[in-house]
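> Sequence isn't available, so here's the structure alone:
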């Protein structure tokens, strides 16, 4: 099975505990108004990966960058639940003997409410340490860490998640990350924050290319 991916970035520090690798899957039919990643909606786009090849790529990143976890977002990850289950199984096997193995967690963001997310996830659900569940609602902004709108729910599924995602976990909501060729903004912006940032840059003569939050 092939997993359709929009981008892979590391290290990420605003979408989970510690330093992480982030995988944005490609494809989402939920199309929540105000989504910051409209570029991930079209299922015809993206790069297709075999699970073994992608697991090897991620394991190399984790070991090289000394990363603490995997964050899967998108797009809608649960539209590719079987592919992700295969990927995470392969990745955990590769990390089982590494120093990161015991502390490495998997966090997934889904636009489905918890009950629907668990049902759609199938075997994938038991491979997760934590999940943020629920559709993004821009009229319900949240200041809770990792929760973009107040209708969403942070679900801890393992003891590792309980220890890593305590109520005190928080910090910055946005960061700038380089993929080696360009700079990207990553995180959970508040409503209007991205357009405000783009406007401030434009006043200084800096134009953004490939703006992910505009169709």
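Perfect, I can see it now. Only a predicted model underlies this, so the values are computations on that prediction, with no experimental measurement involved. Numbering: from 1, shown residues only.
> Bridge partners for the residue most central in space within the chain, pull those for me.
Centroid-nearest residue in the chain: residue 73, 3.1 Å away (criterion: CA atoms, centre = their mean). Here residue 73 sits in beta bridges with residue 24, as judged by DSSP bridges.
> check contacts around it.
15, 22, 23, 24, 25, 37, 108, 109 (CB atoms under 8 Å, 6 or more residues apart in numbering). To be clear about C-beta, it is placed using only N, CA and C from the backbone, and glycine gets the same treatment.
> what sits against the fifth one?
With contact taken as CB under 8 Å, 6+ apart, residue 25 is in contact with 3-6, 40, 46, 72-77, 79-80, 84.
> what do you get if the cut-off is 6 Å, keeping everything else the same?
Neighbour list for residue 25: 5, 74, 75, 77, 80 [criterion: CB atoms under 6 Å, 6 or more residues apart in numbering].
> What is the nearest of those to residue 98?
residue 5 (22.5 Å; CB to CB).
> Quick check: which ranges of the protein have low pLDDT?
167-172, 178, 191-202, 205-215 (pLDDT under 70).
> before we move on, back to that, residue 14 versus the residue nearest to the centre of the chain, what's the distance?
Separation of residue 73 from residue 14 (CB to CB, to the nearest Å): 11 Å.
> cool, and residue 57?
22 Å.
> more crowded one of the two?
residue 14 (19 against 14; other CB atoms under 10 Å).
> Mind telling me what element that one is part of?
Here residue 14 sits in a region with no helix or strand, counting by DSSP states H and E.
> I'd say it and residue 177 touch.
No. Under the criterion of CB atoms under 6 Å, residue 14 makes no contact with residue 177, lying 9.3 Å away.
> List of residues touching stretch 140-159?
Here stretch 140-159 has contacts from 114, 128-134, 136-137, 162, 165, 169-170, 188, 190-191, using CB under 6 Å, 6+ apart.
> Sort out which residues of it are buried, please.
141, 145, 146, 147, 148, 149, 152, 154, 155, 156, 157 (16 or more other CB atoms under 10 Å).
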